[in-house]
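>>> build me a model from this:
(one chain, ligands or ions: 1)
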Amino acid sequence: MNAEMGVGSAHLPIIEDEVVEYSQPPKTASSSILERTMSLAELLDMNAFRDVCTSFVDLYRIGIKIFDADGTKLIDIRVGNTEWCGYIFQNARGRSLCTELVTRIKQFSYPGLPDGQVVEQTCFSGLKYLITSISYGGDVLGRVVYGPFMPEVLSAPGAEVGTFGDGFEPERLWAHGHKIRRVSDEKVLQILANFRSVVDTTTFVAMKAYLTQQLHVESITASYNELAESNRKLRESLEKLRELDRLKSNFLAMVSHELRTPLTSVIGYSEMLAEGLAGELTEEQKAYATTIRDKGESLLELIGSLLDMSKIEAGAMRLNLSDVEVGPLVEGAKSYVVPQAQRKSVELIVDVQPDLPRLRADREKLRQCLINLLGNSVKFTPSGGQIRLGASVFVGARRMAVDDGRFGPPDETFVRLDVSDTGIGIPADKLEAVFERFYQVDNSITREYGGTGLGLAIVKRFVEAHEGEVWLETREGVGTTFSLLIPIERTMEATEIALS
Ligand code: ADP
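Predicted coordinates for the structure are as follows:
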């Protein structure tokens, strides 16, 4: 029995009637919650634990008190000693001694007492209490105070009660003693050992559950902290990228602007040379001057696209709205690409439905859209091919956003502009990508044709700024159709709308 309880001697008293301060240093705040000492109240289901204690008290008729490590009383079940203690309490001296004893038991603590050690406290009246710790992994979680009980060998109340005076009758006190459990030291140790093993098991199971739960919490907390850190770094990188993007756009806008002015002079002077305004040229010289002009114009277009894109990205591009006749708009765009189409022997057909409604739109930007689409068609259509530029009214529902399955009102009116060609087509998996900035389906092909990969990105931004829609249908080796829907009625009536 003693081995089970960890008691070194068969006799009970180890520390007797001695108040010793609990000297274990308090745990310092730790980074890990696992290193925190749990209190019994946090650990145990107190209602279930109280039921267990009650069963023991009912069975052995000895009271049980359970204290938390900080001395908070969690459970107090008394049995048999009410009259005994009540009688003592009526006497002033008895009351003072009793309070002293209760305080001592309540504050009882001891340093370095091995786990499972039992300490006896004897009441001046002859009754006894046993105190033992509840611990886990070297941490004292709380205490059990078992008693009071009457030692089997006790034949009269403690001698001190004889000095109480004030009419106190030790015999009357003794008469109340029959309700208090009389038990031998061995027996009571045995009972306490049983109770302890129940408490230890309960604490062990509860601690395990708590540790498992805390381990989860710790690992989740660690992952969360890692994620938060990555998130912070990502946000920083994003901010840096945005800043770089802004700088790039400003740089592009500045450089493009600075290039445009001298380039316009290059084009102007080469044209004057080609036309012989600076004196007659030989055929070869004329051809050189024409090439300079043509290349200069391509360069100017490219710079124009870069400038447009950087303005869009800087939020500096605005729509200048006016009433736009669709027929002249389409003719104007067509005339711009006629020379290239003729050079490539590509047929250009315009098909405008009569009586089209006027658009409230930015004429120059819509013209730019059509020029970009027509320019691509000419570029990607082999000699002998055909390009058709159509304009018609479309009444119906628009897709609200690509692939989200939602549609607009069923009877919205749009002007629909289609640019179809019999060119090389676009692979099915590149349909979305072609609208991205600087994207070109095949660099080797496009290098052959030239271009920046900005044309369609600009078309998309301009059309969307008009609250319109752009999409394409294509088959490789057969041809491509780009379609624009520009709504007749606009929700935004401002004459200037910022593009973003
Ligand atoms: P780019 O300046 O290269 O023409 P765009 O943004 O206008 O840039 O077009 C992006 C890419 O989409 C082109 O490089 C080309 O690969 C493809 N593309 C655009 N229009 C056509 C078309 N009509 N036929 C075939 N491919 C096209």
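>>> residue 426 contacts residue 478, doesn't it?
No - taking CB atoms under 8 Å as the definition, residue 426 is not a contact partner of residue 478, at 10.7 Å. Every residue, glycine included, has its C-beta placed from N, CA and C.
>>> ok, those two, which is more surrounded?
Neighbour comparison, residue 426 and residue 478: the larger count goes to residue 426, with 22 against 11 (by other CB atoms under 10 Å).
>>> residue contacts, the nearest residue to that one once chain neighbours are set aside?
Spatially, and ignoring its direct neighbours in sequence, residue 426 is nearest to residue 474 (4.5 Å; CB to CB, 6 or more residues apart in numbering). Neighbouring residues of residue 474 by CB atoms under 8 Å, 6 or more residues apart in numbering: 425-426, 428, 431, 480-481.
>>> if we go to 6 Å?
Contact criterion CB atoms under 6 Å, 6 or more residues apart in numbering gives 425-426, 480 as the residues in contact with residue 474.
>>> let's have the residues you listed in JSON lines, adding pLDDT.
As requested, the contacts of residue 474 are exported to JSON lines (pLDDT from 0 to 100):
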{"residue": "425", "pLDDT": "94"}
{"residue": "426", "pLDDT": "93"}
{"residue": "480", "pLDDT": "97"}
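>>> also near the ligand: which of these, exactly?
The subset of the contacts of residue 474 within reach of the ligand, counting by CB under 6 Å from any ligand atom, consists of 425-426, 480.
>>> sitting in strands, which of the contacts of residue 474 do you find?
Counting by DSSP state E, the members of the contacts of residue 474 that fall within strands are residue 480.
>>> and the residue nearest to residue 426, what are its bridge partners?
residue 480 (DSSP bridges).
>>> from residue 411, how far off is it?
Here residue 474 is placed at a distance of 29 Å from residue 411 (CB to CB, to the nearest Å).
>>> what of residue 466?
Distance of residue 466 to residue 411, computed by CB to CB: 19 Å.
>>> let me see the domain layout of this structure.
Listed domain ranges for the chain are 14-221, 317-498 (source: automatic domain parsing).
>>> rewinding a little: out of the ones next to the ligand among the contacts of residue 474, who's nearest residue 170?
Within those, proximity to residue 170 (CB to CB) peaks at residue 426, which comes in at 111.2 Å.
>>> helices and strands around the helix or strand hosting residue 390, which ones?
In this assignment (DSSP states H and E), residue 390 forms part of strand 386-396. Under the contact definition 3 or more CB pairs under 6 Å, 6 or more residues apart in numbering; DSSP states H and E, strand 386-396 sits against helix 326-343, strand 347-352, strand 412-421.
>>> more neighbours, residue 466 and residue 411?
For residue 466 versus residue 411, the count of surrounding residues by other CB under 10 Å is larger for residue 466: 24 against 8.
>>> which residues of the stretch 51-200 of the chain score low on pLDDT?
Counting by pLDDT under 70, the low-confidence segments of the stretch 51-200 of the chain come to 108-116.
>>> indicate the residue of it located nearest to the ligand.
The shortest separation between the stretch 51-200 of the chain and the ligand is 68.6 Å, found at residue 137 (distances taken as CB to the nearest ligand atom).
>>> for this structure, which residues are neighbours of the ligand?
Proximity of the chain to the ligand, by CB under 6 Å from any ligand atom, involves residues 372, 376-377, 380, 421, 423-426, 434, 439-441, 446, 451-457, 480.
>>> ok, back up a step: now the strand holding residue 390: how far from the chain's centre is it?
Averaging C-alpha positions (CA atoms, centre = their mean, to the nearest Å) puts strand 386-396 47 Å from its chain's average.
>>> buried stuff in it?
Within strand 386-396, the residues that qualify as buried are 386-391, 394, counting by 16 or more other CB atoms under 10 Å.
>>> what about residue 484, neighbour count?
Taking other CB under 10 Å as the neighbour definition, residue 484 ends up with a count of 24.
>>> what's the helix or strand for it?
If you go by DSSP H and E, residue 484 is part of strand 479-487.
>>> neighbouring contacts of that strand?
Taking contacts as CB under 6 Å, 6+ apart, the residues outside strand 479-487 that touch it are 359, 373, 414-423, 425-426, 463, 466-474.
>>> helices along the stretch 151-300 of the chain, start to end?
170-176, 185-274, 283-313 (DSSP state H, counting those that start in this stretch).
>>> look through the chain and tell me its longest strand.
Selection of the longest strand in the chain by residue count, based on DSSP E, yields strand 139-151.
>>> that one versus helix 185-274: what angle between them?
An angle of 160 degrees separates the directions of strand 139-151 and helix 185-274 when computed by axes from the mean of the first three to the mean of the last three CA atoms, to 10 degrees.
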